[in-house]
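Participant: no sequence on this one, just coordinates:
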DNA sequence: ATTCTACTTTACGTTTACGTAAACTGGCCC
DNA sequence: GGGCCAGTTTACGTAAACGTAAAGTAGAAT
């Protein structure tokens, strides 16, 4: 079976990218397609690497981190060491993501507080003497 | 009681910022301290605005969004309308944060999968014929 | 032969929130 | 009158991930 090949536009369509993005990934060393004259010809290996690149992005890796990971496979070293290194990296990333989740939870809690304060002010507005904006500001900052 | 005043360094220390950051906020229209000659003199109003600015940042607002919100208070309009507008903005932000949280949850799920796959491969490694890196790559991309 | 489409390269632009350097000023201490 | 600290302005630099011209080429279709 002869290897499937793809043009840059094929991959762009398939993955919902612009060709510019794909060339950019090449500049960053993530892809290295063959050439037919001046034109890029992508094989299955390239497609897999692109797929993994996008997966890495979803996981919050930077392109340079993704490059490192991809390069780990090209350097034909001890496979076990590779997997262990890989697990390490994943763990670090997971920790970062968990931290981000906590940050967001905190922000959400704060925003809910804020919303509640605003609603309280809206409802109690007529009951109390009207406050000037600057005083509202102070209220909101008082926490 | 005469208003408390602060130097730029006072505020930098109090809020853990650099003076550069505080001047930058001024450039962006978030602060407008008085002057004593060339030097900036911050009053309580400035301090409150700075505090709100940092709070806004924690909530994920950009500086220009924060400026808009702060300016809402300066434009002495209908206070009720202001609060309602404010609630709107908060809701939008909350939606964004909830989306981000979901994205992160998704990434975490994916990463846990990934970790599991790697561990399976590590454990079953000796049991099966050794695979070449490129084949491992294919495995990982197969999802 | 001309037009069209897809592709190419080079290189500057964008966004956000500051960092950093340079060069200067003003006041206080001794 | 020298040093030092805190402050000032101007302005270029940084990071990430592309976007966006500009200008050209190869190959196919008409």
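Facilitator: It's in. Keep in mind the model is a prediction, meaning the values are calculated, not measured.
Participant: quick one: the residue positioned nearest the centre of chain A from residue A:90, how far?
Facilitator: In chain A, the centroid-proximal residue (Cα atoms, centre = their mean) is residue A:60; its distance is 3.6 Å. Here the criterion is Cβ to Cβ, to the nearest Å. By it, residue A:60 lies 11 Å from residue A:90. Heads up, the C-betas are built off the backbone N, CA and C, glycines and all.
Participant: what does chain A have sitting close to DNA strand D?
Facilitator: Counting by Cβ under 7 Å from any atom of the strand, the positions of chain A adjacent to DNA strand D are A:18, A:20, A:21, A:24, A:25, A:37, A:38, A:57, A:62, A:63, A:64.
Participant: DNA strand C next: which of these are close?
Facilitator: Among these, the residues within reach of DNA strand C (Cβ under 7 Å from any atom of the strand) are residue A:38.
Participant: Tell me the most packed of the residues of chain A next to DNA strand D, by neighbour count.
Facilitator: Taking other Cβ atoms under 10 Å in any protein chain shown as the neighbour criterion, residue A:25 ranks highest of the residues of chain A next to DNA strand D with 20 neighbours.
Participant: Now do it, the pLDDT please.
Facilitator: As predicted, residue A:25 sits at a pLDDT of 95.
Participant: do you know how far it is from residue A:19?
Facilitator: 11 Å.
Participant: Over to residue A:67?
Facilitator: Distance, residue A:67 to residue A:19, by Cβ to Cβ: 20 Å.
Participant: More neighbours: which of the two?
Facilitator: A direct count of neighbours by other Cβ under 10 Å for residue A:67 and residue A:19 places residue A:67 higher, at 18 against 14.
Participant: For the more buried one, which residues are in contact?
Facilitator: Each residue near residue A:67 by Cβ atoms under 8 Å, 6 or more residues apart in numbering or on different chains is listed here: A:28, A:29, A:30.
Participant: what residues does chain A put near DNA strand C?
Facilitator: A:7, A:8, A:9, A:10, A:19, A:23, A:38, A:39, A:40.
Participant: which one in these is the model shakiest on?
Facilitator: Ranked by pLDDT, the residues of chain A next to DNA strand C bottom out at residue A:38, which has 88.
Participant: Buried subset of the residues of chain A next to DNA strand C, written for PyMOL?
Facilitator: The following PyMOL line selects those of these that are buried, judged by 16 or more other Cβ atoms under 10 Å in any protein chain shown:
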select buried, chain A and resi 8+40
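Participant: For the residues of chain A next to DNA strand D, which two are the farthest from each other?
Facilitator: Between any two of these, the greatest separation by Cβ to Cβ is 32.9 Å, found for A:37 and A:62.
Participant: shaky segments in chain A?
Facilitator: A:1-2, A:76-77, A:125-143 (pLDDT under 70).
Participant: That one: helices as residue ranges?
Facilitator: In chain A, helices defined by DSSP state H lie at A:8-15, A:19-27, A:44-58, A:63-74, A:79-124, A:133-141, listed in chain order.
Participant: Pipe those into JSON lines and attach distance to residue B:108 per row.
Facilitator: Below are the helices of chain A laid out as JSON lines (distance: least, Cβ to Cβ, whole Å):
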{"stretch": "helix A:8-15", "distance to residue B:108": "23"}
{"stretch": "helix A:19-27", "distance to residue B:108": "25"}
{"stretch": "helix A:44-58", "distance to residue B:108": "11"}
{"stretch": "helix A:63-74", "distance to residue B:108": "17"}
{"stretch": "helix A:79-124", "distance to residue B:108": "5"}
{"stretch": "helix A:133-141", "distance to residue B:108": "33"}
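Participant: Just say which of these is most tucked in.
Facilitator: Ranked by average neighbour count under the criterion mean count of other Cβ atoms under 10 Å in any protein chain shown, those are headed by helix A:44-58 at a mean of 18.
Participant: counting contacts, what elements does that helix pack onto?
Facilitator: helix A:8-15, helix A:19-27, helix A:63-74, helix B:79-124, helix B:133-141 (3 or more Cβ pairs under 8 Å, 6 or more residues apart in numbering or on different chains; DSSP states H and E).
Participant: Tell me what angle it forms with helix A:79-124.
Facilitator: Put simply, helix A:44-58 runs at 40 degrees to helix A:79-124, going by axes from the mean of the first three to the mean of the last three Cα atoms, to 10 degrees.
Participant: wait, doesn't residue A:110 sit right on residue B:56?
Facilitator: No - taking Cβ atoms under 8 Å as the definition, residue A:110 is not a contact partner of residue B:56, at 10.3 Å.
Participant: As JSON lines, the residues of chain A next to DNA strand C with distance to residue B:120 would be great.
Facilitator: Listed next are those as JSON lines, based on distance: Cβ to Cβ, whole Å:
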{"residue": "A:7", "distance to residue B:120": "36"}
{"residue": "A:8", "distance to residue B:120": "35"}
{"residue": "A:9", "distance to residue B:120": "37"}
{"residue": "A:10", "distance to residue B:120": "33"}
{"residue": "A:19", "distance to residue B:120": "37"}
{"residue": "A:23", "distance to residue B:120": "36"}
{"residue": "A:38", "distance to residue B:120": "43"}
{"residue": "A:39", "distance to residue B:120": "40"}
{"residue": "A:40", "distance to residue B:120": "35"}
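Participant: Fine, thanks again, bye for now.
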